[in-house]
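A.B. asks: here is a sequence together with a model predicted from it:
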Amino acid sequence: MAQRRLPWLGPAVITGSLVPFASLAQRAIAHRLGANPVATALNQLGLLALVFLTASLSCTPLKIAFGWTWPVRIRRTLGLLAFFTALCHFLVYFCLDQAFSLAAFLADVKKRPFISLGFTALLLLVPLALTSTKRSITRLGFRAWQRLHQLAYLIGVLAVVHFYLRVKADHTEPLLYAAVLGFGFGLRIVAAWQAAQNTRRRALARAGRPG
C-alpha cells in the first residue's frame, strides 16, 4: 500500500494527549480529586504513563500484524509522552507525597519494591528520551542507537511489574497490559525469526544449494 503522508497525525496525537492532563488539572483546581488528591493524581499519571508506553511498544507489532505504517510514525511521540508523564508521576510523588525529602524517598525505595522498579524504569527512559532525535541516530550510529532503544522492552516489563505490585487486590488491569506487551513481544520474535529464515534461504539460493 502506498504510504500516505497524514500530516495531521502527530499533532492529533499530541492534542489528544493533553485531554487527560487538562481533565486532571481541572479536577485538582475544583478540589474534586477525592479524599486523597495526591494519591489520585499519582495513580492517574502512572496509569497514563503506562498507556503511552504500551502504545509506543505496540506500534511495531501493529505494523507486523496488519502492515500499517502510520503507527510507526507516532512511535517516537508516544515514547516521549510516556517519559514526560512518568516524570510528572515521579515529581508528584517526590514533591507532594515525600515533601522533597531525599531521605524519605530512599527509605521508600528500600521498603517498597514497586517504587524501586518504577524509579528504575524512569531512569532507563531518560537516555531514550535524550537520544530520540534523528541527529542522535547519526551521532551514535544506527546499530548502537538500536541496541540502546531496545531498553524500551525492559522498561515495559518493569512498568507492568511496578503496576502489578502497586495494586493490592484486583490484578486484572496490570495483567491485561502484560498480555498486550507479551503478545507484541511474541510478534516481534516471530517476525525476527522469519526474517532470519528468509535471509538464510536467500544466502543458500545464491550459493546454489537447496534451503
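C.D. replies: Nice, I can see it.
A.B. asks: close enough to count as contact, T54 and Y177?
C.D. replies: Yes. Checked against C-beta atoms under 8 Å, the pair T54 and Y177 is within contact range at 5.7 Å. No exception for glycine: its C-beta is placed from N, CA and C like everyone else's.
A.B. asks: quick one: buried residues of the longest helix that the chain contains?
C.D. replies: Of all the segments of type helix in the chain, defined by DSSP state H, the longest one is helix 172-207. By neighbour count on 16 or more other C-beta atoms under 10 Å, the buried set for helix 172-207 is P174, Y177, A178, V180, L181, G184, L187.
A.B. asks: just those residues now: which is nearest L6?
C.D. replies: The shortest gap between L6 and any of the buried residues of helix 172-207 belongs to G184, at 22.2 Å (C-beta to C-beta).
A.B. asks: state the distance from that closest one to Y177.
C.D. replies: Remark: distance between G184 and Y177 (C-beta to C-beta, to the nearest Å) = 11 Å.
A.B. asks: again with S116
C.D. replies: When distances are taken as C-beta to C-beta, S116 and Y177 turn out to be 19 Å apart.
A.B. asks: again with F21
C.D. replies: With distances taken as C-beta to C-beta, F21 is found 20 Å from Y177.
A.B. asks: can you show me the helices along the chain?
C.D. replies: In the chain, helices defined by DSSP H lie at 9-29, 37-57, 59-66, 70-73, 75-91, 102-111, 113-130, 134-140, 142-149, 151-166, 172-207, listed in chain order.
A.B. asks: contact partners for the closest residue to V180 other than its chain neighbours?
C.D. replies: Closest residue to V180 apart from its sequence neighbours, by C-beta to C-beta, 6 or more residues apart in numbering: T54 at 5.7 Å. Residues touching T54, when contacts are defined by C-beta atoms under 8 Å, 6 or more residues apart in numbering, comprise G156, Y177, V180, L181.
A.B. asks: pretty sure the second one contacts L53?
C.D. replies: Right, Y177. No. In this structure, Y177 is not within contact of L53 by C-beta under 8 Å, at 9.0 Å.
A.B. asks: and of the contacts of T54, the nearest to L47?
C.D. replies: Proximity of those to L47 was ranked by C-beta to C-beta; the top entry is Y177 with 9.3 Å.
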